[in-house]
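> Curious how this folds, go ahead:
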Amino acid sequence: MPYRNVFKKILFCTDFNTDAMTAFHYTLNIASGNENSKIIIFHAIPEPDAQFWKTYIYETDEDVDAKAKHDIDKKIKETYIPIIPDTISYSTHFAVGNVGEEILTFSEENDTDLIVIGRGAGANMVNRLLGNFTEKIIRKSKCPVLVVPDENESES
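Predicted structure coming up:
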């Protein structure tokens with residue numbers, strides 16, 4: 001079969017919403033069907049562009065980025081890692097910035113073969129304010145993008 005084992009590096013993007021777990025199950029299924037594939041669990045924290053907000057956020061004695069990374073690593077370890085079969089390798093990555101740009105840059109720099117993202121990821125309040133990054137990823141990605149709807153979404 002000529003298209004077997006096409007997806008060696010699968011970039012799973014999460015914002016921890018319910019659709020992210022649905023997307024993760026798709027990711028696991030694809031990885032299971034692609035021998036020696038690797039899942040890269042990726043979370044980007046949106047960073048406001050406005051200088052006012054950057055100043056406000058970073059006016060603290062605590063290292064905000066380090067705390068965020070610690071909390072995200074903990075959430076990934078509790079949510080996703082326990083359900084990854086031993087036969088599938090994985091890694092985790094974290095970024096701060098424009099979510100769409102961070103995903104695209106990471107994907108390109110790491111030669112990923114597939115990006116998997118939940119459809120609702122671009123619809124939460126933060127992303128309504130900062131722009132819908134899911135559409136941007138679909139338009140600009142150099143690899144295929146699988147956008148997975150939340151299985152609990154009601155049809156309109």
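> And the next helix or strand past the helix or strand of the chain with the lowest mean pLDDT?
Lowest by mean pLDDT, DSSP states H and E among the helices and strands of the chain is helix 125-130, with a mean of 45. Per DSSP states H and E, the first helix or strand lying C-terminal to helix 125-130 is helix 133-140.
> Next, the buried residues of that following helix.
For helix 133-140, burial by neighbour count (16 or more other Cβ atoms under 10 Å) applies to F133, T134, K136, I137. (C-beta placed from N, C-alpha, C; glycine too.)
> Partner strands of the following helix or strand past it, with direction?
Toward the C-terminal end, the helix or strand that comes next after helix 133-140 (DSSP H and E) is strand 145-148. When sheet partners are counted by DSSP bridges, strand 145-148 sits next to strand 114-118 (parallel).
> Return the angle between stretch directions for the strand it pairs with and helix 133-140.
160 degrees (axes from the mean of the first three to the mean of the last three Cα atoms, to 10 degrees).
> Pull the residues that contact strand 114-118.
7, 9-15, 17, 19-20, 22-24, 26-27, 30, 103, 107, 134, 137, 141, 143-150 (Cβ atoms under 8 Å, 6 or more residues apart in numbering).
> Which of the residues in it are classified as buried?
L114, I115, V116, I117, G118.
> Please identify which of those is nearest to A44.
I117 (11.0 Å; Cβ to Cβ).
> Number of residues surrounding T87?
Counted with other Cβ atoms under 10 Å, residues neighbouring T87 total 10.
> typo on my end, it should be N110
With other Cβ under 10 Å as criterion, N110 counts 15.
> isn't it right up against K9?
Yes. With contact defined as Cβ atoms under 8 Å, N110 counts as touching K9 (6.5 Å).
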